[in-house]
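Trainee: I would like to see how this sequence folds:
(one chain, ligands or ions: 2)
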Amino acid sequence: MSTLVAARQAAARRLSAGLGADATPALDARLLVAAVIGVAPDRLVLVDDRPLTDDEIEAIDRAVARRLAGEPVARIVGTKEFWGLEFHLADATLVPRPDTEILVETALAWIERQGRQNEPLRIVDIGTGSGAILIALLSALPNAIGLGIDLSEEAARTARDNAARLGFAARGQFAVGRWAECCGPVDVIVSNPPYIASDVIRTLDREVRDHDPMLALDGGADGLDAYRAILGDLARVMAPGGAAFLEIGFDQAEALRVLADETRFEALIHRDLSGHDRVVALTRFD
Ligand code: SAM
Ligand code: GLN
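Mentor: Ligands and ions are numbered 1, 2, ... in the order given. Purely as a prediction, here's the structure:
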């Protein structure tokens, strides 16, 4: 009879042998086994000696096989943690990335510098996906209200469900829409739009290329389609004294500076923890 700890170690060994050097086999095994037996990953050690049923052993086998075939852990378990909150995923939602927490931090730091963290700020999240960015901001700003927009109906529905489950339904609304077309003046605009150039997509890791939705990745021929659309609407959508925070690819800062200049916004670039340009903050030229 196999115990949970034995199954977890065996899963980690299989993943270690089958995945590349950048992989995290022990962590993956822990998350997969925890999801199969329905225990929070940080409580797994408490039930290490528990024997597994045949069904549980088979379910762990299937989960490990899916991971070995290139499926990300978040897709297999159906959830991903972002900003300390657990987001449910759907086929139409990107797996929220840790790097995107930099966007949340940058927006919050700007709001705090303005002393506006307790104001009833109006926030719009363009291309909300799972709702991760907007819901993270609502969790840190007790009086803010927000609208998450997505072209995908399934994404908007998933974000709405996440907001409800996490207790933010009263302050967060979600709707299907195209870029910022829907929106009236708001104080803070956030977006992690699709920004990968179309012909680069086939070169991405299989975890991204084969499992994240194309609508979430494809930024058009030069990767900048979404920024042009959003910046084109920004003068109308941004309330006086407002700001926009957009995630960018590591090599897009210069293009964003030019686009911002053309639309009369001031661009400030922020880096992520690996030192890559990651977020552009936009305010009006005054
Ligand atoms: N905000 C989420 C996050 O950071 O995890 C998801 C970001 S994902 C990179 C981009 C999102 O933009 C996807 O959910 C996609 O469906 C949405 N999207 C693509 N084109 C759009 C458009 N024209 N208008 C609104 N949303 C769009
Ligand atoms: N940051 C994501 C990646 O590295 C891409 C998401 C996007 O286009 N916004 O794959």
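
Trainee: In the stretch 1-150 of the chain, what residue comes closest to ligand 2?
Mentor: The stretch 1-150 of the chain approaches ligand 2 most closely through residue 97 (5.3 Å), counting by Cβ to the nearest ligand atom. C-betas here are computed from N, CA, C, even on glycine.

Trainee: near ligand 2, which residues of the stretch 51-200 of the chain?
Mentor: Residues of the stretch 51-200 of the chain lying near ligand 2 by Cβ under 6 Å from any ligand atom: 97, 192, 193, 194, 195, 196.

Trainee: how about the residue nearest the centre of the chain, secondary structure?
Mentor: By Cα atoms, centre = their mean, the chain has its centre lying nearest to residue 96, at 2.2 Å. Three-state assignment for residue 96 (DSSP: H, G, I helix; E, B strand; the rest coil): coil.

Trainee: sorry, back to before: make CSV out of the residues of the stretch 51-200 of the chain next to ligand 2 and add distance to ligand 1 and neighbour count.
Mentor: Below are those laid out as CSV (distance: Cβ to the nearest ligand atom, whole Å; neighbours: other Cβ atoms under 10 Å):
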residue, distance to ligand 1, neighbour count
97, 7, 17
192, 3, 26
193, 5, 19
194, 5, 21
195, 7, 23
196, 9, 20
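
Trainee: hmm, back to that, please look at the residue nearest to the centre of the chain and residue 80 and confirm they touch.
Mentor: Yes - the pair residue 96 / residue 80 is scored as a contact, 5.5 Å apart, by Cβ atoms under 8 Å.

Trainee: hey, what's in contact with both of these two?
Mentor: 87, 130 (Cβ atoms under 8 Å, 6 or more residues apart in numbering).

Trainee: show me where the stretch 51-200 of the chain has helices.
Mentor: Secondary structure of the stretch 51-200 of the chain, counting by DSSP state H, counting those that start in this stretch: helices at 54-68, 73-77, 101-113, 132-140, 153-166.

Trainee: okay, those, which one's buried deepest?
Mentor: Highest mean neighbour count of these: helix 132-140, a mean of 25 (counted as mean count of other Cβ atoms under 10 Å).

Trainee: name the helices or strands packed onto that one?
Mentor: Helices and strands touching helix 132-140, as assessed by 3 or more Cβ pairs under 8 Å, 6 or more residues apart in numbering; DSSP states H and E, comprise strand 85-88, helix 101-113, strand 122-126, strand 145-150, helix 153-166, strand 172-176, strand 186-191.
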